[in-house]
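Enquirer: return atomic coordinates for the entry below.
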Amino acid sequence: MSDLFSLHGKKALVTGGAQGLGRMIAEGLLRAGASVAITSRKADVCETAAAEMSGLGPCLPLAADLSTPEAAVELAALYRSALGQCDILVNNAGKTWGGPIDTFPDKAWPSVMAVNVQTPFTLVRELLPELVAAGTADDPSRVINIGSVAGMKAERLNAYSYAASKAAVHMMTRDLAGDLADRNITVNAVIPGFFPTKMTAHMRDEDAVDPKLLSHIPLRRLGRADDIAGIVVFLCSRAGAYVTGAQIPVDGGVVGCG
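Expert: Reported below is the predicted structural model:
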């Protein structure tokens, strides 16, 4: 049992790993023993975060604006030259857009779909040689796509393109899992609920959370760093080697109890 959740010797890429959920995930992987490359659109933010996390383990900053498939191709090449091996790919970088349906703009669709759906697919495709090389039948390589409860149930967030993109991520995860199983790669979707990130800032005032939001969550609290890091470490470790094509809510019961 001592090494059931160990990631020693593993190398991982976490997109959007400098802040928010991505940072929670990156820190969890580092604590479990992995070497982790993180991305952020802003180089200074990425470098600062990597320096701060380097106390937990090897953490490499890779600045990347993943708003186009070309940028995803460039990131894959950058990661390949820096770390080579890729045991774990966490597609976490995301974009949202909110507004009333009466004025919801057409421009809110292509950019959100590109970052949330096309970029994860492109990264899987581009890093496929490394993922295949790293995986075995007993210890597959892992791809984890970060979805959202908004892609599983109507959350009334007025984030139409975001919700649609996350539903697409969930289905894409299942497609990829079926196609890549015989190459010793597992693909799973982690589906976070409400966490204290920039995306929920409008529902919080510092540490005070909107009571209406808490009443919507059966466990009556926001998610914590250990909640999201724990499920990702599980899926990436020996403990999760037999799980693929899964969509796992980490949401305090929003989906399962709704």
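
Enquirer: the longest helix in this structure is where?
Expert: Ranked by residue count and defined by DSSP state H, the top helix of the chain is helix 160-180.

Enquirer: which residues of the stretch 101-250 of the chain fall in helices?
Expert: Counting by DSSP state H, counting those that start in this stretch, the stretch 101-250 of the chain has helices at residues 110-113, 119-126, 128-134, 160-180, 211-216, 225-236.

Enquirer: show me the one of the ones you listed that comes nearest Leu4.
Expert: Of all the helices of the stretch 101-250 of the chain, it is helix 225-236 that lies closest to Leu4, at 9.3 Å by Cβ to Cβ. Backbone N, C-alpha and C define where each C-beta goes, glycine included.

Enquirer: and that closest one, what does it pack against?
Expert: Packing contacts for helix 225-236, counted by 3 or more Cβ pairs under 8 Å, 6 or more residues apart in numbering; DSSP states H and E, involve helix 20-31, strand 141-146, strand 185-192, strand 247-250.

Enquirer: that older thread, the longest helix of the chain vs strand 141-146, what angle?
Expert: Helix 160-180 runs at 160 degrees relative to strand 141-146, counting by axes from the mean of the first three to the mean of the last three Cα atoms, to 10 degrees.

Enquirer: now helix 160-180 - C-alpha only, PDB.
Expert: Only the C-alpha atoms of helix 160-180 are listed here, as PDB (Å, rounded to 0.1, in the frame of the first residue of the first chain):
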ATOM      1  CA  TYR A 160     -23.800  28.900 -22.900                       C
ATOM      2  CA  SER A 161     -20.600  28.300 -24.900                       C
ATOM      3  CA  TYR A 162     -18.800  27.200 -21.700                       C
ATOM      4  CA  ALA A 163     -21.400  24.600 -20.700                       C
ATOM      5  CA  ALA A 164     -21.600  23.300 -24.200                       C
ATOM      6  CA  SER A 165     -17.800  23.000 -24.400                       C
ATOM      7  CA  LYS A 166     -17.600  21.000 -21.200                       C
ATOM      8  CA  ALA A 167     -20.300  18.600 -22.300                       C
ATOM      9  CA  ALA A 168     -18.200  18.200 -25.400                       C
ATOM     10  CA  VAL A 169     -15.100  17.500 -23.300                       C
ATOM     11  CA  HIS A 170     -17.000  14.700 -21.400                       C
ATOM     12  CA  MET A 171     -18.000  13.000 -24.700                       C
ATOM     13  CA  MET A 172     -14.500  13.500 -26.200                       C
ATOM     14  CA  THR A 173     -13.000  11.800 -23.100                       C
ATOM     15  CA  ARG A 174     -15.100   8.700 -23.700                       C
ATOM     16  CA  ASP A 175     -14.200   8.600 -27.400                       C
ATOM     17  CA  LEU A 176     -10.500   9.000 -26.700                       C
ATOM     18  CA  ALA A 177     -10.600   6.400 -23.900                       C
ATOM     19  CA  GLY A 178     -12.100   3.800 -26.300                       C
ATOM     20  CA  ASP A 179      -9.700   4.600 -29.100                       C
ATOM     21  CA  LEU A 180      -6.500   4.700 -26.900                       C
END
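
Enquirer: pLDDT below threshold where in the stretch 101-250 of the chain?
Expert: 198-207 (pLDDT under 70).

Enquirer: related to what we said a few turns ago, between the helices of the stretch 101-250 of the chain, which one is nearest to Gly147?
Expert: Taking Cβ to Cβ, helix 160-180 is the member of these nearest to Gly147, at 4.9 Å.

Enquirer: great, nothing more from me.
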